[in-house]
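1. Quick one: sequence plus predicted model below, questions after.
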Amino acid sequence: MVAIVLFKDQIRDLINRVRRVKVGGAEAEFEQAVDESVIEPAAIPTDAPDIEVDRPSPPPLEASVDVNKGLEVIDLVVPGGFLAEGGVDEVIRRSGFLGSHEEVLDHLLLLKTTRQRTWLVATTDWIFCLLDDERTREGDRVIQWRQTRDAARHTSTKSSAKYPNLGRVKIGEKKNWLYSRSLHPEPDELMRRIEALAG
């Protein structure tokens, strides 16, 4: 209930954009609100049959993602405004970086702090790095980089002298990405997980 109250405006906007929803065996159809003040009475014949009009198709995807649009659905965002697993996958799908044959295969939460999350996401061809915090969401810069899965197979870790609860990982050519030791207490196991993600 709290999530609905917190995201009521975003949920209302989402419902206004959605025409039909199917969850499990239940299906709901929404009608778009009509501003009757802009309809001239003469424009609608009184004997006209009811006509169903489909909404126009959404615009094509661009190679950037506004994570503030449409991801406020409860299962895509967790408390604190961070992307949930489903939200991370959806950002990649909406990014415009995937070919028609590609799909999201798996993901790994690398870093989790009170202000930030870092995810690695494997697709058919790529490994993406998503940095989820307030600044990147506002600037539409959640996707930080991508590299081929082949390149991402080469990993190494090192400890962080400045932050004992964090470590650093090199993923292919991308160096010094922080990871949470609470999520990944064994550096060798983290390297194995990243290499498996890169497949």
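-> Received it, and whenever you're ready, just let me know what you need.
2. Quick one: low-confidence residue ranges for this structure.
-> Low-confidence segments of the chain (pLDDT under 70): 1-75.
3. Report the buried residues of stretch 79-86.
-> Across stretch 79-86, burial judged by 16 or more other Cβ atoms under 10 Å covers 81, 82, 83, 84. All C-beta spots, glycine's among them, are computed from the backbone N, C-alpha and C.
4. try stretch 83-100
-> For stretch 83-100, burial by neighbour count (16+ other Cβ under 10 Å) applies to 83-84, 87-95, 97-98.
5. Same question for stretch 161-176.
-> For stretch 161-176, the neighbour count (16+ other Cβ under 10 Å) marks 167, 168, 169, 170, 171, 172, 174 as buried.
6. In TSV, list these along with distance to residue 161.
-> Compiled in TSV, the buried residues of stretch 161-176 are given as follows (distance: Cβ to Cβ, whole Å):
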residue	distance to residue 161
167	11
168	10
169	15
170	16
171	21
172	24
174	21
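7. Against which helices or strands is whichever helix in the chain runs longest packed?
-> Ranked by residue count under DSSP state H, the longest helix found in the chain is helix 187-198. If contacts are counted by 3 or more Cβ pairs under 8 Å, 6 or more residues apart in numbering; DSSP states H and E, helix 187-198 sits against strand 104-112, strand 117-123, helix 149-152, strand 155-159, strand 166-171.
8. could you dump these to JSON lines with distance to residue 129?
-> Converted to JSON lines, the helices and strands packed on helix 187-198 look like this (distance: least, Cβ to Cβ, whole Å):
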{"stretch": "strand 104-112", "distance to residue 129": "8"}
{"stretch": "strand 117-123", "distance to residue 129": "6"}
{"stretch": "helix 149-152", "distance to residue 129": "9"}
{"stretch": "strand 155-159", "distance to residue 129": "13"}
{"stretch": "strand 166-171", "distance to residue 129": "7"}
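9. Tell me which of the ones you listed sits most buried.
-> strand 117-123 (a mean of 22; mean count of other Cβ atoms under 10 Å).
10. so that strand versus strand 166-171, what angle?
-> Strand 117-123 and strand 166-171 are oriented at 20 degrees to each other (axes from the mean of the first three to the mean of the last three Cα atoms, to 10 degrees).
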